[in-house]
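Visitor: Have a look; sequence and predicted model below, questions after that.
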Amino acid sequence: MRTFIFFNSSEKAVLDYSQLVETSQDTLRLSLDGTKTFVSYNSETMPDTILALTSYIGPLTYEETLTILQTAEWLPPAPTI
């Protein structure tokens, strides 16, 4: 089962991406203001690299992650006609 962790994007350089699904900090999706991002992993236990983060939210399921990604912090406003 894939598990997700949200954290401050200023910390993305401290992660060991060999322990994560994402391959590098260059492949991370950022919140609209660029201050938040997230990573995922496929193991039952949280990888040690996550513990290096000073602030994170999780672990979260795929469904919980989708809920967060549907908020205004992650989705651009709908265009006005």
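Guide: On my side now, so go ahead.

Visitor: Which residue comes closest to E73 once chain neighbours are left out?
Guide: Leaving out its chain neighbours, the residue that sits closest to E73 by CB to CB, 6 or more residues apart in numbering is S31, at 5.0 Å. All C-beta atoms are positioned from the backbone trio N, CA, C, and that covers glycine.

Visitor: now swap in V21 and tell me
Guide: Excluding its sequence neighbours, the residue lying closest to V21 (CB to CB, 6+ apart) is S40, at 4.5 Å.

Visitor: In terms of helix, strand or coil, where does that neighbour fall?
Guide: strand (DSSP: H, G, I helix; E, B strand; the rest coil).

Visitor: One more: P59?
Guide: Using three-state DSSP, the structure places P59 in strand.

Visitor: and what of the one 4 residues further on?
Guide: What three-state DSSP gives for E63 is helix.

Visitor: how much space between it and F7?
Guide: Computed as CB to CB, to the nearest Å, the E63 to F7 distance reads 19 Å.

Visitor: again, but for T35
Guide: 10 Å.

Visitor: Those two - which one has more neighbours?
Guide: Looking at T35 and F7 with other CB atoms under 10 Å, you find the greater number of neighbours at F7, namely 21 against 11.

Visitor: Kindly confirm my reading that the more buried one forms part of a helix.
Guide: No: counting by three-state DSSP, F7 is not part of a helix but strand.

Visitor: Pop out the phi and psi values for V21.
Guide: Backbone geometry at V21, expressed as degrees, to the nearest 10, gives phi -70, psi -40.

Visitor: what sits against it?
Guide: 2, 39-42 (CB atoms under 8 Å, 6 or more residues apart in numbering).

Visitor: Equivalent analysis for I81, please.
Guide: Contacts here follow CB under 8 Å, 6+ apart; on that basis I81 touches nothing.

Visitor: Could you check how far it is from S18?
Guide: Counting by CB to CB, the gap from I81 to S18 is 47 Å.

Visitor: ditto for E11
Guide: From E11 to S18 the distance is 17 Å (CB to CB).
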